[in-house]
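Q: next input, structure requested:
(2 chains)
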Number of protein chains: 2
Amino acid sequence: MANDRIIATYHPSSEPARIADRAQGLAIEQSVECPLDAISDPWVRNAVLGRVARIDQIADGRYAVRIALAAATAPAEPGQLLNMLFGNASIQPDVALVDVELPPSYLDAFGGPKLGLGGVRALTGVQGRALTASALKPQGLSPEALALIARRLAEGGVDLIKDDHGIADQAYSPFAARIAAVGRAVRAANESSGRRTLYAPHVTGSLDTMRRQLDLIRGEGIAALMMMPMIVGLSNFHALVREAEGLVVLAHPAMSGATTIAPPLLLGKLFRLFGADATVFPHHGGRFAYTPDTCRALAAAAREPWGGLKPCLPVPAGGIAIDRVPELLSFYGADVMLLIGGSLLAARERLTEQAAQFVAEVAAHGQ
Amino acid sequence: MANDRIIATYHPSSEPARIADRAQGLAIEQSVECPLDAISDPWVRNAVLGRVARIDQIADGRYAVRIALAAATAPAEPGQLLNMLFGNASIQPDVALVDVELPPSYLDAFGGPKLGLGGVRALTGVQGRALTASALKPQGLSPEALALIARRLAEGGVDLIKDDHGIADQAYSPFAARIAAVGRAVRAANESSGRRTLYAPHVTGSLDTMRRQLDLIRGEGIAALMMMPMIVGLSNFHALVREAEGLVVLAHPAMSGATTIAPPLLLGKLFRLFGADATVFPHHGGRFAYTPDTCRALAAAAREPWGGLKPCLPVPAGGIAIDRVPELLSFYGADVMLLIGGSLLAARERLTEQAAQFVAEVAAHGQ
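A: Okay, here's the model as predicted:
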């Protein structure tokens, strides 16, 4: 990769007269990060310094700037790649990182999803329709109370049940006890229904802690897990992806700072590159301000052909209720997993029926 | 900590008529994350649900909202604390996290800087004046070329020399070879000058990788290191802080998303809490848009008394030149380390003299 270039696209705000300087400033900030006068080595100037490849005006005072960054500065190490793409520029208030094109060697090195969209379908046995998901919450419940909710959701036929991302290793619900109880409940429901609902415990903490949690997950025969790549660190996320071979890896968008890194890039493209089999994101019209265009682009980034990488399953979420199922399926098509959490759980003791209703709506769509 | 509360302060934008709902929405989002109807357990409603403690208007359409979060949801684990403070809300475009007040048990559990401001002064032998720092750059140079720059900076008397945060483990400058060469150069300069300039190699990657790098640092007898907490993950940052006992730990602000988490909180308070001995941040008037008030508050958060935690050394940086030394020292006082990188390096072969000039300006201030 000695002379390969990574093409990063930024959207800075600028007056027209200053955009050339602003673009050059970004190229310097994300490569050599020093005045050009400080560079005496001609190789650094020619091969390492970022190059402004193109500037397009996209709105009044807003530009798309493509910068060619030297691949040699960002070897295939997830954190360092993010650092060279946006480390310092993330602190500047006038610029968003919106896309990246990587040399093929990165796809080989990172590898993307191990199972991907097809693997999730194979493990759950769901073909020909969209998948369904829900979340265990609220925060504060005991392992037994969460297991009861999980049993009802599984009996209702939801395909994947994840921990709420706020659920970690709290005193009122220790990780080991919780995943054992929930795992048993889901297994029991699967045995009586013949379905294959997955449970994705939330794995977090240092890499050491996450490894211990992965061991517990394997010990319980659980086939999925969820991580927050932006909180555990992209490098640790990727390290755990490699060690979790055979398990479905779900990415959660917490701390994704979506206003400065474009969500299609971060949650769609980069989380897929580093190995998310499925990526959770807020669908528009919920509690988060993603536009329909953002959601469409995110799903495309997760699923569209990209080198030899498997597609990653888009998981729209964030305040969706059952009445929006037809709208979402028309929007995303069937290669999607719909995640409905709180609005299902509000059914309380009628949760099984409500979950079954959710699954039936999804199965009936377009038939 | 069963019934302790963490007080988080958010600045949402809102119409006056909707601020009560918006505040309640934040309290739910960062605690139970589900409709109140879905909560049947009274303990969860009383002890786990976030409570809006206070709402103050701070500007037209902008509010300060204090929310009491249950400490039980965020045990003393750095990533989980960040998650409960801002995980999901970080995706909402209308809100910033600006402050947090923690129960004393957190200060004991995290421990803050091991050496802190006083430890950096003791190791460098610098008392009674501000400290000076510079950075090795540009990206792309060989270990030998970086070592030459380091030698000149050390001969000029700069107190701390750090790797540029873009410098990691690249083929043109492998970590092991680089820190050996730079470490030797700084040691040689120290031996002939009698000074104690520190070298802080940049440590990054997964926790495994960072551990290997820490071993190499210890093997070379180097007494400092730098990490990017927001890229390596706060939990891994804190894990390495504990293992790096005796070494100065410098925090770098890359990917700190400072527009949605207030810099005084993230770079001043939280990085200190998790153990940064010194924290780098962009001083106003450089390439980043921090205001003087932000910089003042950040330095205060790093240095002011906070339980039994040691003060953390503020390290203003980001495009400062020597001509601003008097202004910065008047602004921060002497308990500060000034970091001048690129504008020193532009002196090229006159770097030693330029570094000496920097150090002399700092030493002369106020005398």
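Q: which residues in the stretch 201-350 of chain A form helices?
A: A:207-219, A:229-232, A:234-243, A:263, A:271-273, A:292-303, A:325-332, A:342-345 (DSSP state H, counting those that start in this stretch).
Q: how about the second one, does it reach chain B?
A: Yes: residues of helix A:229-232 are located near chain B by CB under 8 Å from any CB of the partner chain, namely A:231-232. C-betas here are computed from N, CA, C, even on glycine.
Q: and the contacts of that helix?
A: A:203-205, A:207, A:210, A:237, A:240, A:251-257, A:266, A:271, A:274, A:276, B:79, B:82-83, B:87, B:233-236 (CB atoms under 8 Å, 6 or more residues apart in numbering or on different chains).
Q: which of the helices or strands spans A:Leu81?
A: Using DSSP states H and E, A:Leu81 falls within helix A:78-86.
Q: what's that helix in contact with?
A: Where contact means CB under 8 Å, 6+ apart, the residues beyond helix A:78-86 that reach it are A:6, A:8, A:30-31, A:69, A:73-74, A:97, A:100, A:106, A:110, A:233-235, A:237-238, A:260-261, A:270, A:274, B:165-166, B:168-169, B:204-206, B:228, B:231-232, B:254-255.
Q: domain parsing for chain A?
A: Per automatic domain parsing, the structural domains of chain A span A:5-110, A:116-364.
Q: the ones you listed: which one's closest to B:Gly128?
A: Between B:Gly128 and those, the shortest gap by CB to CB is with domain A:5-110, which sits at 30.9 Å.
Q: what about that closest one, average pLDDT?
A: For domain A:5-110, mean pLDDT rounds to 92.
Q: go ahead and confirm A:Leu148 touches A:Ala185.
A: Yes: taking contact to mean CB atoms under 8 Å, the distance of 7.1 Å between A:Leu148 and A:Ala185 places them in contact.
Q: pick out whichever of these two has more residues nearby.
A: Remark: of A:Leu148 and A:Ala185, A:Ala185 carries more neighbours, 24 against 18, as counted by other CB atoms under 10 Å in any protein chain shown.
Q: export the worst-scoring helix or strand of chain A on mean pLDDT as PDB, just CAs?
A: Between all helices and strands in chain A, the lowest mean by mean pLDDT, DSSP states H and E belongs to helix A:342-345, at a mean of 81. Extracted as PDB, the C-alpha positions of helix A:342-345 are listed here (Å, rounded to 0.1, in the frame of the first residue of the first chain):
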ATOM      1  CA  GLY A 342     -40.300   0.300  24.200                       C
ATOM      2  CA  SER A 343     -43.600   0.400  22.300                       C
ATOM      3  CA  LEU A 344     -43.900  -3.400  22.400                       C
ATOM      4  CA  LEU A 345     -42.900  -3.500  26.100                       C
END
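Q: what helices or strands is it leaning on?
A: Counting contacts by 3 or more CB pairs under 8 Å, 6 or more residues apart in numbering or on different chains; DSSP states H and E, the secondary-structure elements packed against helix A:342-345 are strand A:131-136, helix A:351-364.
Q: list the buried residues in the longest one.
A: Of the residues in helix A:351-364, those buried by neighbour count under the rule 16 or more other CB atoms under 10 Å in any protein chain shown are A:351-352, A:354-359, A:361-362.
Q: now the angle from it to helix A:325-332?
A: Using axes from the mean of the first three to the mean of the last three CA atoms, to 10 degrees, the direction of helix A:351-364 lies 40 degrees away from that of helix A:325-332.
Q: now do the helix holding A:Leu81: distance to the chain's middle.
A: Relative to its parent chain, helix A:78-86 has a centroid offset of 16 Å by CA atoms, centre = their mean, to the nearest Å.
Q: again, but for stretch A:314-321
A: 13 Å.
Q: and the residue nearest to A:Ala188 when sequence neighbours are not counted, which helix or strand is it part of?
A: Nearest non-adjacent residue to A:Ala188, counting by CB to CB, 6 or more residues apart in numbering or on different chains: A:Arg151, 6.8 Å away. Here A:Arg151 sits within helix A:143-155, counting by DSSP H and E.
Q: re earlier: what is the nearest of the buried residues of helix A:351-364 to chain B?
A: Proximity of the buried residues of helix A:351-364 to chain B was ranked by CB to the nearest CB; the top entry is A:Leu351 with 9.2 Å.
Q: list the contacts for that closest one?
A: Remark: with contacts taken as CB under 8 Å, 6+ apart, A:Leu351 is in contact with A:149, A:152-153, A:156, A:344-345.
Q: returning to what we had before: deepest of the domains of chain A, which one?
A: Across the domains of chain A, the average number of neighbours (mean count of other CB atoms under 10 Å in any protein chain shown) peaks for domain A:116-364, which reaches a mean of 22.
Q: now the end-to-end length of it.
A: Between the opening and closing residues of domain A:116-364 there is a gap of 24 Å (CA to CA, to the nearest Å).
Q: return the distance of it from the chain's centre.
A: With CA atoms, centre = their mean as the basis, domain A:116-364 stands 10 Å off its chain's centre.
Q: what does stretch A:69-82 give?
A: On the basis of CA atoms, centre = their mean, the separation between the geometric centre of stretch A:69-82 and that of its chain is 20 Å.
Q: need the distance between the two termini of it.
A: Taking CA to CA, the span from the opening residue of stretch A:69-82 to its closing residue is 12 Å.
Q: my read: A:Leu298 touches A:Pro264, true?
A: Yes: shown here, A:Leu298 and A:Pro264 form a contact pair, counting by CB under 8 Å, at 4.3 Å.
Q: now do the same contact list for whichever residue of chain A sits closest to chain B.
A: Of chain A, the residue with the smallest distance to chain B, taken as CB to the nearest CB, is A:Gly233 at 2.8 Å. Listed by CB under 8 Å, 6+ apart, the contact partners of A:Gly233 are A:79, B:206, B:231-233, B:235-236.
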